[in-house]
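Student: Any chance you could fold what I've pasted below:
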Amino acid sequence: MQINKKARKYGIVLLILFAVCPAYCSTTYFVATTGSDSNPGTTIDYPFLTIGKAVGLVAAGDTIYVRAGTYTYTNTTGSITLPAKSGTSDINRCSLIGYSGERALLDFSAMTGSSADGLKITGSYWYIKGIDCKGAPHNGIKISGGSYNILEFCSSYENWNSGVQLSSGASYNQFKNCDSYHNYDKYTTPNPGVNADGFSPKLNVGTGNYFYGCRSWGNSDDAYDGYLRPDTGGPNSVDTTYENCWAFKCGWYWKDGSTNDHMNGNGFKMGGGDSSNSAKLRHNVILKNCLSFQNKEKGFDQNNDKGSMTLLNCTAFNNGAANYNINVTLASIAKATITNCVYLTGGSNTLASWVVQTTNGWMSPFSTTSADFVSIDPNLAYGPRNADGSLPKIAFMRLAPGSDLIDGGTIDANLPLPYNGSAPDLGAFEYLPGDCHSDGQIDLLDLKCVADNWLSSSCGTCNWADFNGDNNVNFFDFAIMAENWMK
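Tutor: Numbers count the residues shown, from 1 in each chain. Okay, the predicted model is just below:
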């Protein structure tokens, strides 16, 4: 009897262990350019040579660490596919990560043809961070049918189609702090450049995809393209959200600046389609705190999208044909709203009378000019990201002290955004009192700025140390800065 009790006791313990093991009993694999696929691969000293070897072994909850270096792929080695291996929730994702902040470059430029993708994700619940992809004959990164994947601090560039494409019902994927740039589809005849976007949640994409802190620039077609085509298997209505994303300098071949009429050059192409069913193609898009500038055609473009479009606190600068374009009749259940947005120079807005507009910089009582901004020089937008992958802190298109765009906005009841002061500002960047350098944060540089101009009525090379506008830099300004320290 005693033995049976012990057996039952140990049996229960084993059952508990098996139940929790998927969450805690994961395996770690290492890959390095100096490794060998004959190695065990489970220690940093004896890594695999190829990512494919590790992918073939991983199970739900496992992690593949990739050491820094360039991993070259040819037609013989093929591209990389991340299949369905990761279970069904956040707690048992498979992970592909650059080891300890190192960056791995997957170079597909030695491959030939016109249809091979670089990194292809067909599975769900993968987490990918610190991986760069370059030179694929087709898309640099493609999520084909995979859902609930997270890509963070990755980049895709110089591919011969889109840098990142989502297709075949890919849904609820997240892109955080990723870059896609200098993509150009040289193989497309007779109109090269017509297809290569930065990020493409388009054609038969699924719903619920989310982009945060992403940059897309120098692509021959659009920065972000939401063009639908349900006759290839996609739904008639999908939802996509962009937050704190930048789109710039698209519509030209990055190497020589050439262009043609088929290179659209839009920043955010929100939707549209060419199917006979186009009247039903609803790409419902939300854009929050997004920035679009110097694109060949439009900054924020409806195309012929029939879905709802919500633009909240966005900024457009010097886009060619139009900064904001929404003028095609929507589906009866759809609505277009633009709130707290601004633009400066470039093409005029083309907005239909039914677009709901609230406290935007082109509306009374505002008159937006270059004086409203600390800087209208976009060059720093191309700079490196911060160590944590976040967007670089730059002065471009940040509001200058004294601008009437500060605290001039409206709180959106459905999508309230955090703000300083008595009301939201206009545009993509909320003004931060005490930010002497106008880079979006208050730190030792701002303290030095105040100290250098202490008790002065002229800020010299730094024009913004007088935070309270009393024509003197004193304890009142220091108090404002201290209140917002390290925000």
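Student: Only C-alpha atoms from now on, for both contacts and neighbour counts.
Tutor: OK.
Student: Hmm, residue 218 and residue 254 touching each other?
Tutor: Yes: if you go by CA atoms under 8 Å, residue 254 and residue 218 touch, sitting 5.6 Å apart.
Student: OK, contacts around residue 258?
Tutor: residue 252 (CA atoms under 8 Å, 6 or more residues apart in numbering).
Student: Can you give me the end-to-end span of stretch 215-230?
Tutor: One end of stretch 215-230 sits 27 Å from the other (CA to CA, to the nearest Å).
Student: what mean pLDDT does it have?
Tutor: For stretch 215-230, mean pLDDT is 95.
Student: For it, buried residues please.
Tutor: 215-230 (16 or more other CA atoms under 10 Å).
Student: which of those residues sit farthest apart?
Tutor: Within the buried residues of stretch 215-230, 218 and 230 form the most distant pair, 28.3 Å apart (CA to CA).
Student: Report the set of residues contacting both of residue 254 and residue 218.
Tutor: residue 182.
Student: In the stretch 1-150 of the chain, what residue spans correspond to helices?
Tutor: Taking DSSP state H, counting those that start in this stretch as the criterion, the stretch 1-150 of the chain contains helices spanning 2-24, 51-55.
Student: averaging pLDDT over each of those helices, which comes out lowest?
Tutor: Among these, helix 2-24 scores lowest, with a mean of 48.
Student: what stretches of the stretch 251-400 of the chain score poorly on pLDDT?
Tutor: 275-277 (pLDDT under 70).
Student: ok, 80 please
Tutor: Counting by pLDDT under 80, the stretch 251-400 of the chain shows low-confidence ranges at 274-280.
Student: related to what we said a few turns ago, which of the buried residues of stretch 215-230 sits closest to residue 89?
Tutor: Closest to residue 89 out of those is residue 226 (27.0 Å), distances taken as CA to CA.
Student: Could you pull up phi and psi at that closest one?
Tutor: The phi/psi pair for residue 226 (degrees, to the nearest 10) reads phi -110, psi 30.
Student: Tell me if I'm right that it and residue 271 touch.
Tutor: Yes: taking contacts as CA under 8 Å, residue 226 lies within contact range of residue 271: 4.4 Å.
Student: if I look at these two, which residues touch both of them?
Tutor: Common neighbours of residue 226 and residue 271 (CA under 8 Å, 6+ apart) are 202, 283.
Student: Assign residue 448 to helix, strand or coil.
Tutor: Using DSSP: H, G, I helix; E, B strand; the rest coil, the structure places residue 448 in helix.
Student: For it, grab the count of nearby residues.
Tutor: Per other CA atoms under 10 Å, the neighbour tally for residue 448 reads 12.
Student: and the gap between it and residue 169?
Tutor: 52 Å.
Student: Near residue 86, how many other residues are there?
Tutor: Neighbour tally, residue 86, other CA under 10 Å: 24.
Student: for residue 348, same thing?
Tutor: If we define neighbours as other CA under 10 Å, then residue 348 has 17 of them.
Student: give the contact list for the closest residue to residue 84 other than its chain neighbours.
Tutor: Distance criterion CA to CA, 6 or more residues apart in numbering; nearest residue to residue 84, sequence neighbours excluded, is residue 123 at 3.7 Å. Remark: with contacts taken as CA under 8 Å, 6+ apart, residue 123 is in contact with 82, 83, 84, 85, 86, 145, 146, 147.
Student: first vs last residue of stretch 191-205, how far apart are they?
Tutor: End to end - CA to CA - stretch 191-205 spans 24 Å.
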